[in-house]
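Novice: Build me a structure from this.
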Amino acid sequence: MSTPKLITMAKMEASVLKNKFRGCLLGSLIGDCTGAPFEGDTISHGDRLVIQRYYDKLEDPTFTAPYKTYTDDTAMMKSVAKFLTDKPEPDYKFLSRLFVNEFFKEPRRGYGQNVIDVFHKLRNTKYENVFKPASEQFMGAGSYGNGGAMRVAPIALYFHDNYKMMLEVASNATKLTHTNVLGVNGALLQAVAIQLAVKCDPYAKIDPERFCIELFRRMRKIERVEEDVDDMEEEDDGTREAYQNKLRVVENLLQRKHDNDLEEEVIMNLGNGISAYESVPTAIYCFLRALNEISYIQTDNVFRRTIQYAVSLGGDTDTIACMAGAIAGAYLGENCINTSLAKQCEYYKEVLEMADNLYVAKEGPGN
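Specialist: Next up, the predicted model:
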């Protein structure tokens, strides 16, 4: 069994890395915008035909329609990117202000009520302790939603060559709104998946099983740290190996031959909900499953197949497709994304500029 073919940063051409920055953020945007119309739906076999035609139309250069609008997923990702490009050192008060300002500028982007409550408290307390409002939610347990994971892509890109710093910044940036260990570790898993995808050779096919095993190895260390922090005398609440267990499920599902009934098992065993636990492993599975043909998805393009498959699972379609698209884009780069599809999305040009600014902030203007 071969391991994923990786390019070391020393050998990766600047043009390839820049292409991956663009692909990742563009992939996140496209998944968000094109997945949003199906959010909350239960997808039937017939609906999959509708989704097939939907993406066929979006890829048609002659097709004209109002652009697909982005949700809070992209709105918050924009703030994370600006947080990294505008400050030489991580400044979480600055990031909090960016989140709050973005929300009050355009509050109708689909923000959850719990996040809205955090934003109001941050503004009312004049950002005195930016981690406190989120930590007080749910009687001190914190939110375990996927809000940290959906916006973490710029952090994974910026710290693609500094794993320890990536985990630290991703964790702190998540805790501004989601402090439950499942919410934080879900964001870390998504960041790790994107970082690993950045390192994978876009011209060599990934071995899905080996990719999954590498994620498992890294999450074992991350969740072990959480275990060390916890009081070991307390009863295990099921969170200490939560994502390791989910990745085992991902690996088992990948070994199954795909058929039209497999999606029911995917939804039942991985989930398609708004919690990080029920969406981040699902997004990773969508990417890895879409590396190979899927019977009811008629396209040879791995990126499109990834987001179309994510949408076909129903549920929290915008966020799961957003996260899956970010991973696929980080692996394949912008060159593998259909331009007509991308242009159907609100903020398309601005996201490319955002990716370029992030790349320059990280690598320097001469690269």
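Novice: use CA for all of it now, contacts and neighbours both
Specialist: OK.
Novice: How about residues contacting stretch 286-301?
Specialist: 48-49, 52, 205-206, 208, 254, 258-260, 302-303, 305-310, 324-325, 327-328, 336 (CA atoms under 8 Å, 6 or more residues apart in numbering).
Novice: Which ones among those lie within helices?
Specialist: Counted as lying in helices by DSSP state H, out of these, are 48-49, 52, 208, 254, 302-303, 305-310, 324-325, 327-328.
Novice: Now do the spatially most central residue of the chain against G364, distance only.
Specialist: In the chain, the centroid-proximal residue (CA atoms, centre = their mean) is M323; its distance is 2.6 Å. Distance of M323 to G364, given as CA to CA, to the nearest Å: 27 Å.
Novice: Over to F131?
Specialist: 31 Å.
Novice: Between those two, tell me which one has more neighbours.
Specialist: Neighbours around F131 and G364, counted as other CA atoms under 10 Å, are more numerous at F131. The numbers are 22 against 10.
Novice: Skipping its backbone neighbours, what lies nearest the more buried one in space?
Specialist: Ranked by CA to CA, 6 or more residues apart in numbering and with sequence neighbours excluded, the top spatial neighbour of F131 is L176, at 5.1 Å.
Novice: surely that neighbour meets R97?
Specialist: No - judged on CA atoms under 8 Å, L176 makes no contact with R97 at a distance of 10.7 Å.
Novice: the more surrounded of the two?
Specialist: Neighbour totals were compared for L176 and R97, and L176 leads with 25 against 19 (other CA under 10 Å).
Novice: Who are the contact partners of the more buried one?
Specialist: By CA under 8 Å, 6+ apart, the neighbours of L176 are Y92, S96, V130, F131, P133, A134.
Novice: Recalculate using a threshold of 7 Å.
Specialist: Residues counted as contacts of L176 (CA atoms under 7 Å, 6 or more residues apart in numbering) are V130, F131, A134.
Novice: Need those residues in TSV (columns: distance to L25 and pLDDT).
Specialist: Output for the contacts of L176, formatted as TSV (distance: CA to CA, whole Å; pLDDT from 0 to 100):
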residue	distance to L25	pLDDT
V130	26	98
F131	26	98
A134	26	98
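Novice: worst-scoring helix or strand of this structure, pLDDT-wise?
Specialist: Across the helices and strands of the chain, the lowest-confidence element by mean pLDDT, DSSP states H and E is helix 208-229, at a mean of 87.
Novice: picking up where we left off before, what subset of the contacts of stretch 286-301 is buried?
Specialist: Buried subset of these (neighbour count, 16 or more other CA atoms under 10 Å): 48, 52, 206, 208, 254, 302-303, 305-310, 324-325, 327-328, 336.
Novice: Which residue, other than its chain neighbours, is closest to S135?
Specialist: G142 (5.3 Å).
Novice: So that neighbour is in contact with T179, correct?
Specialist: Yes - using CA atoms under 7 Å, G142 makes contact with T179 at a distance of 4.7 Å.
Novice: Return every residue with contacts to both of the two.
Specialist: A134, S135.
Novice: quick one, which of those two is more surrounded?
Specialist: T179 (27 against 22).
Novice: Pull up the gap between the more buried one and V130, please.
Specialist: For T179 relative to V130 (CA to CA), the value is 12 Å.
Novice: quick one: the residue nearest to the centre of the chain and R248, what's the gap?
Specialist: Taking CA to CA, one finds M323 at 19 Å from R248.
Novice: for P66, same thing?
Specialist: P66 is 41 Å from R248, by CA to CA.
Novice: higher neighbour count, the two?
Specialist: A count of neighbours by other CA under 10 Å puts R248 above the other of P66 and R248, at 14 against 8.
Novice: and the angle from the helix or strand hosting that one to helix 208-229?
Specialist: Secondary structure assignment for R248, by DSSP states H and E: helix 242-254. Here helix 242-254 points in a direction 160 degrees away from that of helix 208-229 (axes from the mean of the first three to the mean of the last three CA atoms, to 10 degrees).
Novice: and helix 242-254, what other elements does it pack with?
Specialist: Applying 3 or more CA pairs under 7 Å, 6 or more residues apart in numbering; DSSP states H and E, one finds that helix 242-254 makes contact with helix 208-229, helix 280-289.
Novice: CA-only coordinates of the next helix or strand after it, as PDB, when you get a sec.
Specialist: Per DSSP H and E, the first helix or strand lying C-terminal to helix 242-254 is helix 262-269. These are the backbone C-alpha positions of helix 262-269, laid out as PDB (Å, rounded to 0.1, in the frame of the first residue of the first chain):
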ATOM      1  CA  LEU A 262     -24.400   3.500   0.900                       C
ATOM      2  CA  GLU A 263     -25.400   7.100   1.500                       C
ATOM      3  CA  GLU A 264     -27.900   6.000   4.200                       C
ATOM      4  CA  GLU A 265     -25.100   4.400   6.100                       C
ATOM      5  CA  VAL A 266     -22.900   7.400   5.600                       C
ATOM      6  CA  ILE A 267     -25.500   9.700   7.100                       C
ATOM      7  CA  MET A 268     -26.300   7.300   9.900                       C
ATOM      8  CA  ASN A 269     -22.700   6.600  10.900                       C
END
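Novice: Not counting helix 262-269 itself, show me its contacts.
Specialist: With CA under 7 Å, 6+ apart, helix 262-269 has contacts from L313.
Novice: Could I get the buried residue list for that helix?
Specialist: Neighbour-count burial for helix 262-269 flags E263, V266, I267 (criterion: 16+ other CA under 10 Å).
Novice: Likewise for stretch 210-228?
Specialist: Neighbour count says stretch 210-228 has F211, C212, I213, E214, L215, F216, R218, M219, R220, I222, E223 buried, by 16+ other CA under 10 Å.
Novice: Likewise for stretch 346-357?
Specialist: For stretch 346-357, a neighbour-count test (16+ other CA under 10 Å) marks E346, Y347, Y348, V351, L352, M354, A355, D356, N357 as buried.
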